[in-house]
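Asker: quick one, structure for this:
(chains A and B)
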Number of protein chains: 2
Amino acid sequence: MSGAVDAGSARKMSCGPRLDLQALPGVPIVEPGDDLAQLAWEALARASIVLADGDVLVLASKVISRAENRFVDLSTVEASARAVALAAEVDKDPRVVELILRDTSEVSRKARGVLVVRHRLGFIAANASIDLSNAHPAHAAPGSGPWMLILPESPDASAERLRAALALRSTANIGIVVTDSLGRPFRMGTVGAAIGVAGLPPLWDRRGEPDLFGRELETTVTGLADQVAAAADLVAGQANEGRAFVHVRGLTFEPEDATVAKGASALYRPAAQDLYA
Amino acid sequence: MSGAVDAGSARKMSCGPRLDLQALPGVPIVEPGDDLAQLAWEALARASIVLADGDVLVLASKVISRAENRFVDLSTVEASARAVALAAEVDKDPRVVELILRDTSEVSRKARGVLVVRHRLGFIAANASIDLSNAHPAHAAPGSGPWMLILPESPDASAERLRAALALRSTANIGIVVTDSLGRPFRMGTVGAAIGVAGLPPLWDRRGEPDLFGRELETTVTGLADQVAAAADLVAGQANEGRAFVHVRGLTFEPEDATVAKGASALYRPAAQDLYA
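Answerer: Numbers count the residues shown, from 1 in each chain, chains lettered A, B, ... in the order given. Predicted structure coming up:
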């Protein structure tokens, strides 16, 4: 679980002794075509929050998928031969497996009822993080579906669009984190993790900062955006359409510049450096 | 990454729209023999915090290890034949490998410079989470060491002792989370995770709670204590002796009762249910 860390994590970063998270009130269920920046801006105003440098807005990928109309009517999906064979092997609906495979770069583990894959975006997730809960859009015709919700085309790009749209309304240097609830090897329960990042450094490189004894810190690079995602997941809950935006205050970070890597992919360990790949 | 979940997660649990974390001020560097409950109590008073139902105090395992004098002078450690052989294989100090093996139930992965093990406590961690940074105790004689800091004998028991000691001072129903910074397969950077829990449910079982559409939630069990640990790690930082206690407010949970499982081991996936073991 060691490995080289992207140089993009070297930006100046700190957290004060306080961190405050708030799910913004009164956000309606997001529907395809909704303007997320406008919804966030109005929700901030309802909470009497004026954006400040270092603030982070966290939203579940599901919220972005809804806004970007990433709904798929399963009854319209035709399973490939590969999907049919794999579905028989793991005992799943072939059409669901087809949807999973369309977003998969490689199957990581399979077992009865379980399909863990490397998503085309680079992270490992069960069922390619497709929401199988039939969260139908408002435009769903009676008798249509069941509806699946797939991940955004590019959560990093969605995060950056939201950041840029809010930058037209506020001069504050803010971050955006797009989250997903991921299962984990070794540990029970899901945790919020970052699959889209803009503005905020995805990793927090503490190498070289002396600890209280003046020696260099041994454990050095923190999964910053993942920790922000995990914290926000506590207040967003799972039925997160009702608490679409979580505002986080307490971090300090420099504005992005073009010389450093950015985006959630800095959080994904390359398979060649992964002892568990 | 699926699997049965311990029934201990069935306690009533919720999180409001706000979550506030604060590293308590003015906590001195913890030394062997220090009374953690008294230190926490004084730090709460300095921050003008009166403990309330649902509050959680988070502390790094390193803080408990220091209080419980889990220091080891590496120069006094004699490496076993197995440690010498393994050390040669992965290119580490045989005495460090000896310390690691003493806390190891099985080696999970090894590579040059890397030893990932299942700790005797049940979780997977690099180097058995031994702090190799020579964080010496105040009683260290000149010329002694280098000093290593190993994990507490039982972080769950340490958490429970702290909870019980604070229960003598306050009637509030509170939780204690003992954290460690763990690396992860698939993802870069460490995150705070729970290796000791008291009072708080380690898992948050949301099965059966309807979402906004009235259907049962699909993703169902959250690694609650791990998410609290990750959030607290942001304000505790890595040089955590200076911010030994993080106070978390915003959760609601029922008092523990004897009928449900408790402790951090509910967070550890049994190897037989782990596709990556």
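Asker: stretch A:49-62 and chain B in contact?
Answerer: No. Figure legend: stretch A:49-62 not in contact with chain B (Cβ under 8 Å from any Cβ of the partner chain); closest approach 10.0 Å. C-betas here are computed from N, CA, C, even on glycine.
Asker: for that stretch, buried residues please.
Answerer: For stretch A:49-62, burial by neighbour count (16 or more other Cβ atoms under 10 Å in any protein chain shown) applies to A:51, A:54-62.
Asker: again, but for stretch A:242-260
Answerer: A:242-251, A:253, A:256.
Asker: and for stretch A:161-175?
Answerer: For stretch A:161-175, by 16+ other Cβ under 10 Å, it's A:161-163, A:166, A:173-175.
Asker: residue contacts, A:E153?
Answerer: A:68, A:70 (Cβ atoms under 8 Å, 6 or more residues apart in numbering or on different chains).
Asker: just flag the most distant two among the buried residues of stretch A:49-62.
Answerer: A:G54 and A:K62 (25.8 Å; Cβ to Cβ).
Asker: what's opposite the residue nearest to A:S108 when sequence neighbours are not counted in the beta bridge?
Answerer: What sits nearest to A:S108 in space, not counting adjacent residues and going by Cβ to Cβ, 6 or more residues apart in numbering or on different chains, is A:V116, at 4.7 Å. Residues in a beta bridge with A:V116, per DSSP bridges, are A:R109, A:A126.
Asker: my read: A:V116 touches B:P185, true?
Answerer: No. With contact defined as Cβ atoms under 8 Å, A:V116 does not count as touching B:P185 (11.2 Å).
Asker: which neighbours do the two share?
Answerer: Common neighbours of A:V116 and B:P185 (Cβ under 8 Å, 6+ apart) are A:I124.
Asker: related to what we said a few turns ago, need the contact list for the residue nearest to A:S108.
Answerer: The contact partners of A:V116, by Cβ under 8 Å, 6+ apart, come to A:107-110, A:124-126, B:1, B:275.
Asker: before we move on, what about A:E106?
Answerer: A:117-118.
Asker: helix or strand for it, which one?
Answerer: Taking DSSP states H and E as the criterion, A:E106 maps to strand A:104-111.
Asker: for the contacts of A:V116, which single residue is the most surrounded?
Answerer: Neighbours here mean other Cβ atoms under 10 Å in any protein chain shown. Within the contacts of A:V116, the largest count is held by A:I124, at 28 neighbours.
Asker: state the distance from that residue to A:L74.
Answerer: Separation of A:I124 from A:L74 (Cβ to Cβ, to the nearest Å): 24 Å.
Asker: A:E78 contacts A:E98, correct?
Answerer: Yes. With contact defined as Cβ under 8 Å, A:E78 reaches A:E98; the gap is 7.2 Å.
Asker: any shared contact partners between these two?
Answerer: Counting by Cβ under 8 Å, 6+ apart, nothing touches both A:E78 and A:E98.
Asker: so for the two, which residue has more residues nearby?
Answerer: Shown here are A:E78 and A:E98; by other Cβ under 10 Å, A:E98 has more neighbours (20 against 8).
Asker: which strands or helices does the helix or strand that one falls within pack on?
Answerer: A:E98 belongs to helix A:94-102 when assigned by DSSP H and E. Helix A:94-102 sits against helix A:81-90, strand A:114-119, with contacts defined as 3 or more Cβ pairs under 8 Å, 6 or more residues apart in numbering or on different chains; DSSP states H and E.
Asker: now do the longest one against helix A:94-102, angle only.
Answerer: It refers to helix A:81-90. 110 degrees (axes from the mean of the first three to the mean of the last three Cα atoms, to 10 degrees).
Asker: report the distance from the helix or strand encompassing A:A43 to the chain centre.
Answerer: For A:A43, the element it lies in under DSSP H and E is helix A:36-46. Here the centre of helix A:36-46 is set off from its chain's centre by 20 Å, with Cα atoms, centre = their mean, to the nearest Å.
Asker: circling back to that earlier point, where's the residue nearest to A:S108 relative to B:G175, distance?
Answerer: 31 Å.
Asker: pairing partners for the lowest-mean-pLDDT helix or strand in chain A, with directions?
Answerer: Least confident helix or strand, chain A: strand A:204-205 with a mean of 85, by mean pLDDT, DSSP states H and E. Counting by DSSP bridges, the strands paired with strand A:204-205 are strand A:221-222 (antiparallel).
Asker: could I get the pLDDT score of the nearest residue to A:S181 once chain neighbours are set aside?
Answerer: Residue nearest to A:S181 in three dimensions, not counting chain neighbours: A:T190, with 4.2 Å by Cβ to Cβ, 6+ apart. A:T190 carries a pLDDT score of 93 in this model.
Asker: where does chain A have low pLDDT?
Answerer: Scanning chain A for pLDDT under 70 picks out the ranges A:1-11, A:134, A:207-219, A:237-241, A:257-261.
Asker: show me where it has its strands.
Answerer: Per DSSP state E, chain A carries strands over the ranges A:13-23, A:56-60, A:71-73, A:104-111, A:114-119, A:124-126, A:147-149, A:175-182, A:191-198, A:204-205, A:221-222, A:245-253.
Asker: could you say what helices and strands the third one packs with?
Answerer: Spelled out, that is strand A:71-73. Under the contact rule (3+ Cβ pairs under 8 Å, 6+ apart), strand A:71-73 is packed against strand A:147-149.
Asker: run the chain-centre distance for the strand it packs on.
Answerer: For strand A:147-149, the distance to the chain centre is 18 Å (Cα atoms, centre = their mean).
Asker: with stretch A:221-234 instead?
Answerer: The chain centroid and the centroid of stretch A:221-234 are separated by 10 Å under Cα atoms, centre = their mean.
Asker: got it, and stretch A:32-43?
Answerer: 18 Å.
Asker: got the buried residues for that stretch?
Answerer: Applying a neighbour-count criterion of 16+ other Cβ under 10 Å, one finds A:34, A:36-37, A:39-41, A:43 buried in stretch A:32-43.
Asker: quick check: the gap between the residue lying closest to A:K12 once chain neighbours are set aside and A:L162.
Answerer: Setting aside the residues directly before and after it, A:K12 is nearest to A:E254 in space (Cβ to Cβ, 6+ apart), at 4.8 Å. Separation of A:E254 from A:L162 (Cβ to Cβ): 20 Å.
Asker: now do A:A172
Answerer: Computed with Cβ to Cβ, the distance linking A:A172 and A:L162 is 14 Å.
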